[in-house]
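> How does the following fold in three dimensions:
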Amino acid sequence: MNWDSVEGKWKQQRGKAMNDWGSLMNDELAAIAGKYQQLVGALQEKLGIAHEDAKIMITKYNKTVDLLKTANDKLSKLKTKTDTKIKKLKTKTQTK
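Model (predicted):
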């Protein structure tokens, strides 16, 4: 995931991060504003973990967000296809 896109969408990401990293307070996450190094430092401090471990946590978090986004995109496309098929079937049924 491109970290710039995370920084740009930080308000949306902040809620998920709060659930995942409950020890970080909302105001701390707001102050971090999606800045990577600040997030790494905050995780290190709050969770008492090494710098590399904090980076690994963030990487795993980003992969999870990417997987969820991909799954959501696939579901949206499937729903669109299904809606189109249902519409065609209804039209076909009504013309008989």
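> and the longest helix for this structure?
helix 51-95 (DSSP state H).
> How far away from the center of its chain is that one?
Per Cα atoms, centre = their mean, to the nearest Å, the displacement of helix 51-95 from the mean C-alpha position of its chain is 12 Å.
> Any stretches of the protein with poor pLDDT?
1-8, 11-12, 18-26, 96 (pLDDT under 70).
> Tell me how far the residue positioned nearest the centre of it lies from residue 84.
Residue closest to the average C-alpha location in the chain (Cα atoms, centre = their mean): residue 65, at 3.5 Å. Using Cβ to Cβ, to the nearest Å, residue 65 is found at 29 Å from residue 84. For the C-beta atoms, the positions are set from N, CA and C on the backbone; glycine is no exception.
> before we move on, what about residue 41?
Residue 41 is 49 Å from residue 84, by Cβ to Cβ.
> do residue 39 as well
For residue 39 relative to residue 84 (Cβ to Cβ), the value is 42 Å.
> now residue 37
Using Cβ to Cβ, we find residue 37 at a distance of 46 Å from residue 84.
> quick revisit: more neighbours: residue 41 and residue 84, which one.
Comparing residue 41 with residue 84 by neighbour count (other Cβ atoms under 10 Å), the higher total belongs to residue 41, at 14 against 10.
> Cheers, nothing more for now.
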